[in-house]
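1. Provide a 3D model corresponding to the input given below.
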Amino acid sequence: QGISTTTTAPTTRTPITPTTSTTKEELMGLGSISDLRPEVKEAFNRMKQAATNDGVTLNLVSGYRSFNRQLQIWNNKFNTFTGTEADKIVQSAEYSAIPGLSRHHLGTEIDINGGLDSSLNPSDFSGNGKYAKVYTWLRKNAGNFDFFQPYDQDRTVVKTEHWHWSYKSLSQQFTQQHTN
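-> Numbering: from 1, shown residues only. Purely as a prediction, here's the structure:
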């Protein structure tokens, strides 16, 4: 069943006007940066250009997510698993946050791949995977643009997300406010 769709949370954000460096594909295609915070959008565009200069394609698969979008992702994932409700929650939480707890709600988080599709498969980012070059470049360079990898290793429930990058200055400030 997943989480009830009658659960609601504020989902409005001030719209961000796209810059000239925002492409139609980013706004209409696989990923949209239109609801990221301005500082994050600017840093991503600079990082993307630097990667392009190095022969690496960075594609934004996902950025800001409303509560309802996260709910849809969670329920779609939850409903693909079998087992008890508890088993399905644990399996879903490996790569998806429960709505209301996702870092993507902050507007500081981005999921990146190399643009061949919208895949975020862990095996694509390691070894000879199709996005291994992207991940290698990000690990070496993302910090220069104030991005870090919050899920850089397997935790008790949450698995490593090679594609998930966070804008450090704002995300750490917001998560500290949330935990205090």
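
2. which one's the longest helix in this structure?
-> helix 38-53 (DSSP state H).

3. What helices and strands are in contact with it?
-> If you count contacts as 3 or more CB pairs under 8 Å, 6 or more residues apart in numbering; DSSP states H and E, helix 38-53 packs onto helix 132-141, strand 147-148, strand 164-167, helix 168-179. Just so you know, the C-beta spots here come from the backbone N, C-alpha and C atoms, and that holds for glycine as well.

4. That one to helix 132-141, inter-axis angle?
-> Counting by axes from the mean of the first three to the mean of the last three CA atoms, to 10 degrees, helix 38-53 lies at 120 degrees to helix 132-141.

5. and the spatially closest residue to Arg139 that is not a sequence neighbour, what are its phi and psi?
-> Excluding the flanking residues, the one nearest Arg139 by CB to CB, 6 or more residues apart in numbering is Gln149, at 7.6 Å. Backbone torsions of Gln149, given as degrees, to the nearest 10, read phi -100, psi 100.

6. so what's Gln149 up against?
-> By CB atoms under 8 Å, 6 or more residues apart in numbering, the contact list for Gln149 reads Leu138, Arg139, Ala142, Glu161, His162, His164, Trp165, Ser166.

7. Next one, pLDDT for it please.
-> Predicted confidence (pLDDT) for Gln149: 94.

8. for Thr14, same thing?
-> Value for Thr14, per-residue pLDDT: 33.

9. Report the angle between the longest helix of the chain and helix 168-179.
-> 140 degrees.

10. Output helix 38-53 as CSV, restricted to C-alpha atoms.
-> Provided in CSV are the C-alpha atoms of helix 38-53 (Å, rounded to 0.1, in the frame of the first residue of the first chain):
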residue,chain,number,x,y,z
PRO,A,38,19.9,29.8,-6.8
GLU,A,39,23.3,29.1,-5.2
VAL,A,40,23.0,25.4,-6.0
LYS,A,41,21.9,26.0,-9.5
GLU,A,42,24.8,28.4,-10.2
ALA,A,43,27.4,26.0,-8.6
PHE,A,44,26.0,23.0,-10.6
ASN,A,45,26.2,25.0,-13.9
ARG,A,46,29.8,25.9,-13.2
MET,A,47,30.6,22.3,-12.3
LYS,A,48,28.9,21.0,-15.4
GLN,A,49,30.9,23.4,-17.6
ALA,A,50,34.2,22.3,-15.9
ALA,A,51,33.3,18.7,-16.5
THR,A,52,32.4,19.4,-20.1
ASN,A,53,35.8,21.1,-20.5
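
11. Distance from the chain centre to it, please.
-> The chain centre lies 15 Å from the centre of helix 38-53; the measure is CA atoms, centre = their mean, to the nearest Å.

12. now swap in stretch 61-78 and tell me
-> Worked out by CA atoms, centre = their mean, stretch 61-78 lies 10 Å from the chain centre.
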